[in-house]
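Trainee: when you get a sec, could you give me coordinates for this:
(one chain, ligands or ions: 1)
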Amino acid sequence: MSDFSLKDLEEIVAQRARSGEADSWTAKLFAKGMPKAAQKLGEESVETVIAAVRGDAKELVSESADLLYHWLVVLTIAGVPVSDVMKELERRTGQSGVAEKASRKND
Ligand SMILES: N=c1c2ncn([C@@H]3O[C@H](COP(=O)(O)OP(=O)(O)OP(=O)(O)O)[C@@H](O)[C@H]3O)c2ncn1[C@@H]1O[C@H](COP(=O)(O)O)[C@@H](O)[C@H]1O
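Mentor: Residues are numbered from 1 along each chain as shown. Predicted coordinates:
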């Protein structure tokens, strides 16, 4: 089991974005801004879906890593810390997804 966390990668992304280095994919994406970063996130989402539907576990791991990395880039550009997402997930732990969906239908 790896100790590497999304928080660790969030720090690397922020540091590489600040570096502005020519050989940094992160810095390149930051320079292009949200439209390009969000587009890459969408592409990686689709590639993850394709790997899942194919039942290709190795490809699913690889595409999931691409997806989470690009998701972190998008969050960082938006100024949203991963901890905000974790807090929201934590808030939801007391309620099942089915119950949550039913409560929204009654709004
Ligand atoms: N986890 C990642 C990571 N995952 C994917 N990618 C890059 O995302 C890019 C997009 O990949 P794709 O093949 O989907 O896209 P593409 O190369 O444009 O190809 P097509 O769209 O033509 O298919 C590739 O260049 C990958 O290397 C990543 N780039 C960086 N990181 C992490 O960020 C750190 C800093 O990276 P740099 O900013 O590049 O120094 C690295 O040490 C890693 O920890």
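
Trainee: how about residue 67: what's its closest non-neighbour residue?
Mentor: residue 44 (4.3 Å; CB to CB, 6 or more residues apart in numbering). Quick note: C-beta positions are derived from backbone N, CA and C, even for glycine.

Trainee: who are the packing partners of the helix or strand encompassing the one you found?
Mentor: Element membership of residue 44, judged by DSSP states H and E, is helix 34-54. Applying 3 or more CB pairs under 8 Å, 6 or more residues apart in numbering; DSSP states H and E, we find helix 34-54 packed against helix 25-32, helix 57-78.

Trainee: mind running it again at 6 Å?
Mentor: helix 57-78 (3 or more CB pairs under 6 Å, 6 or more residues apart in numbering; DSSP states H and E).

Trainee: and the helix it packs on, is it in reach of the ligand?
Mentor: Yes. Contact of helix 57-78 with the ligand (CB under 6 Å from any ligand atom) involves 65, 66, 69.

Trainee: pLDDT added to these, as TSV?
Mentor: Listed next are those as TSV, based on pLDDT from 0 to 100:
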residue	pLDDT
65	98
66	98
69	98
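
Trainee: out of these, who's the most crowded?
Mentor: Among the residues of helix 57-78 next to the ligand, the one with the most neighbours (other CB atoms under 10 Å) is residue 69, at 19 neighbours.

Trainee: ok, that one to residue 12 distance?
Mentor: Applying CB to CB, to the nearest Å, one obtains 9 Å for the distance of residue 69 from residue 12.

Trainee: over to residue 102?
Mentor: Distance of residue 102 to residue 12, computed by CB to CB: 40 Å.
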